[in-house]
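Student: Sequence unavailable; structure follows:
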């Protein structure tokens with residue numbers, strides 16, 4: 001999959017959802033890319049509230065995308081050609097809320113401007129994916145390293161405290177000097 005194709009798809013998704021008045025935030029690899037992280041090569045992830053999923057899917061299908069009925073109960077999917085778009089409303093068992101969407105910042109994602117989840121919300125989502133069958137820290141380390149100053153590491157630790165896999169990852173990034181243990185707000189006051 002080429003970066004150019006992914007950016008064309010994210011532009012179509014952003015413009016379609018915005019045109020239809022649907023609140024959303026770009027998440028996943030595209031959010032990491034928009035925030036200065038490594039380019040995404042996988043798919044397009046969009047967070048939206050569960051009540052907006054049907055309208056978003058309908059709008060994207062009307063824009064020429066093909067719907068998919070996934071077995072998962074926390075998202076739905078559409079394809080833009082060969083590119084997958086995940087419409088996620090309950091990532092890692094945590095519903096998308098107005099508060100999460102309110103925190104999103106408008107950033108450039110390729111040719112489009114879109115609301116993008118914060119670095120902290122992105123890292124919480126990425127770390128909560130870790131588990132006994134998915135415990136590879138390798139793809140997370142470059143994201144953590146490149147976005148480290150945009151992440152409130154204490155908040156990530158708080159929101160992921162129930163996960164031993166998250167604690168292991170956070171300990172690793174602290175030991176590597178990527179993460180600080182002081183909350184971002186405290187660092188700002190001291191600087």
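Tutor: Right, received. Where do you want to start? These figures come from a predicted structure and were not determined experimentally. Numbering: from 1, shown residues only.

Student: so what does the helix of greatest length in the chain touch, helix or strand wise?
Tutor: What stands out as the longest helix in the chain, according to DSSP state H, is helix 3-19. Counting contacts by 3 or more Cβ pairs under 8 Å, 6 or more residues apart in numbering; DSSP states H and E, helix 3-19 packs against strand 44-47, helix 53-62, strand 75-80, strand 83-88, strand 105-109, strand 112-116. C-betas here are computed from N, CA, C, even on glycine.

Student: would you turn the ones you listed into TSV with distance to residue 16?
Tutor: Listed next are these as TSV, based on distance: least, Cβ to Cβ, whole Å:
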stretch	distance to residue 16
strand 44-47	10
helix 53-62	5
strand 75-80	10
strand 83-88	10
strand 105-109	14
strand 112-116	11
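
Student: Now tabulate the ones you listed in a markdown table and tack on mean neighbour count.
Tutor: Shown next, in a markdown table, are these (neighbours: other Cβ atoms under 10 Å):
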| stretch | mean neighbour count |
| --- | --- |
| strand 44-47 | 27 |
| helix 53-62 | 17 |
| strand 75-80 | 20 |
| strand 83-88 | 21 |
| strand 105-109 | 15 |
| strand 112-116 | 21 |
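
Student: Turn these into JSON lines, columns for mean pLDDT.
Tutor: Below are the helices and strands packed on helix 3-19 laid out as JSON lines (pLDDT from 0 to 100):
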{"stretch": "strand 44-47", "mean pLDDT": "97"}
{"stretch": "helix 53-62", "mean pLDDT": "98"}
{"stretch": "strand 75-80", "mean pLDDT": "97"}
{"stretch": "strand 83-88", "mean pLDDT": "96"}
{"stretch": "strand 105-109", "mean pLDDT": "95"}
{"stretch": "strand 112-116", "mean pLDDT": "96"}
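
Student: Would you mind saying which of those lies nearest residue 172?
Tutor: Closest to residue 172 of those, according to Cβ to Cβ: strand 44-47, at 23.9 Å.

Student: Residue 139: which of the helices and strands packed on helix 3-19 is closest?
Tutor: So among these, strand 44-47 is nearest, using Cβ to Cβ, at 13.9 Å.

Student: re the thing from before, so what touches the longest helix of the chain?
Tutor: 24, 26, 30, 39-41, 43-44, 46, 48, 56, 59-60, 63, 65, 80-83, 85, 109-114 (Cβ atoms under 8 Å, 6 or more residues apart in numbering).

Student: following that helix, which helix or strand comes up?
Tutor: strand 25-27 (DSSP states H and E).

Student: Does that following strand pack against any helices or strands, and if so which?
Tutor: By 3+ Cβ pairs under 8 Å, 6+ apart, strand 25-27 packs against strand 44-47, strand 112-116, helix 119-128.

Student: Let me know the average pLDDT across it.
Tutor: For strand 25-27, the mean pLDDT works out to 97.

Student: how about CSV for the helices and strands packed on strand 25-27, with distance to residue 175 added?
Tutor: Listed next are the helices and strands packed on strand 25-27 as CSV, based on distance: least, Cβ to Cβ, whole Å:
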stretch, distance to residue 175
strand 44-47, 29
strand 112-116, 29
helix 119-128, 16
